[in-house]
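>>> Model the following, please.
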Amino acid sequence: MHLHELAMGIGIALINIVAVYVIYGITRAIWGGRQTTETKDLAGSIIFRVASLQGLILALVFAQELQNYSEIRADLVTEATAVADVFNDIRRYDTPEMQQVQTTLATYVRHVINHEWEALSKTGKLSGQGWQYREEVYQTALDLDPQTPRQTDLRAHMIQATQKIAELRQKRENSAVHALSGLFWFAAITGVICVAVPYFIYPPTPLHLALLSLYGGYTGVIMYVIYAFSDPFSQPGALPPTAFTQLLLGEMGQY
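Residues are numbered from 1 along each chain as shown. As a prediction, the model looks like this:
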């Protein structure tokens, strides 16, 4: 985690703590001296129930966004594997088009790293140039004329791999335009307010304020992490194209 990402997370946690203090201070000023035993019992019951519901909502959304984040990383590894398979299979096929295909694949990988990844964070769209590189490799594989069973199998595998590249590219673009619903943020912020309000029954002792800070700060951190995971192509939770950069560290980097 970079320093500015850590600072942003701490900042959001502090803002959440201040918000909880403000809510607590307002409700304490209005109802702080008007408490009965029944009020304390009811407030305690509400705190428990609302906090449980809010925790469940945050946990479910956190798990979903983390799963999506992990799937994008796994798809990137699968796509890089498909690219490497075609790169190596075209050599095994032993065709004059080998040099052209390998150069196109290396150019495609560099294009994804240097251009498309940043474009996904800004526009949520893949470039036409990237699709063109993939199409060139696909058309070359389709045009191959196998003469042996070995070449037949290699051609079929290369076609399948290039089709997989197209499928994973489309999934990546769909993931880039995904965004958390505003209803989630409405529910999360409302939950913070609804949990903070009943705390007016407790006097503002240092221990009580510390516990309120713990609740507000941790809730803010969780919402920040959910926000970071919701967009894997932009900061603060940007996922680097590590699987592609690893390809360029090998033989493909020489093309």
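>>> Give me the below-cutoff pLDDT ranges for the stretch 1-150 of the chain.
Along the stretch 1-150 of the chain, the parts satisfying pLDDT under 70 run over 1-2, 33-34.
>>> So which residues of this protein form helices?
3-31, 37-93, 98-111, 117-122, 128-143, 149-176, 182-196, 206-230, 242-248 (DSSP state H).
>>> and Gln254, which of these is closest to it?
helix 98-111 (8.0 Å; CB to CB). Where C-beta positions appear, they are placed from N, C-alpha and C, glycine not excepted.
>>> quick one: contacts of the closest one?
80, 83, 86-87, 90-91, 127, 129-130, 133-134, 136-137, 140-141, 244, 247-248, 252-253, 255 (CB atoms under 8 Å, 6 or more residues apart in numbering).
>>> how about Val197, what does it touch?
Contacts of Val197 by CB under 8 Å, 6+ apart are 23, 27.
>>> How about Gly216?
13, 16-21, 192, 196.
>>> of those, buried ones?
By neighbour count, with 16 or more other CB atoms under 10 Å, the contacts of Gly216 hold 13, 16-17, 19-21, 192, 196 as buried.
>>> Quick one: distance of stretch 203-213 to the chain centre.
35 Å (CA atoms, centre = their mean, to the nearest Å).
>>> Check stretch 55-75 too.
8 Å.
>>> follow-up on the earlier one: any chance of JSON lines for the buried ones among the contacts of Gly216, columns distance to Leu239?
Converted to JSON lines, those look like this (distance: CB to CB, whole Å):
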{"residue": "Ala13", "distance to Leu239": "23"}
{"residue": "Asn16", "distance to Leu239": "25"}
{"residue": "Ile17", "distance to Leu239": "29"}
{"residue": "Ala19", "distance to Leu239": "30"}
{"residue": "Val20", "distance to Leu239": "32"}
{"residue": "Tyr21", "distance to Leu239": "35"}
{"residue": "Val192", "distance to Leu239": "28"}
{"residue": "Ala196", "distance to Leu239": "34"}
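>>> For Ser234, state which of those is nearest.
Among the buried ones among the contacts of Gly216, and counting by CB to CB, the member closest to Ser234 is Ala13, at 20.4 Å.
>>> Tell me which residues touch that closest one, please.
216-218, 220-221, 224.
>>> switch to 7 Å and redo it
Residues in contact with Ala13 (CB atoms under 7 Å, 6 or more residues apart in numbering) are 217, 220-221.
>>> Then Thr27?
197, 200.
>>> And it, how far from Val197?
5 Å (CB to CB, to the nearest Å).
>>> Could you give the number of residues near Gln254?
Per other CB atoms under 10 Å, the neighbour tally for Gln254 reads 8.
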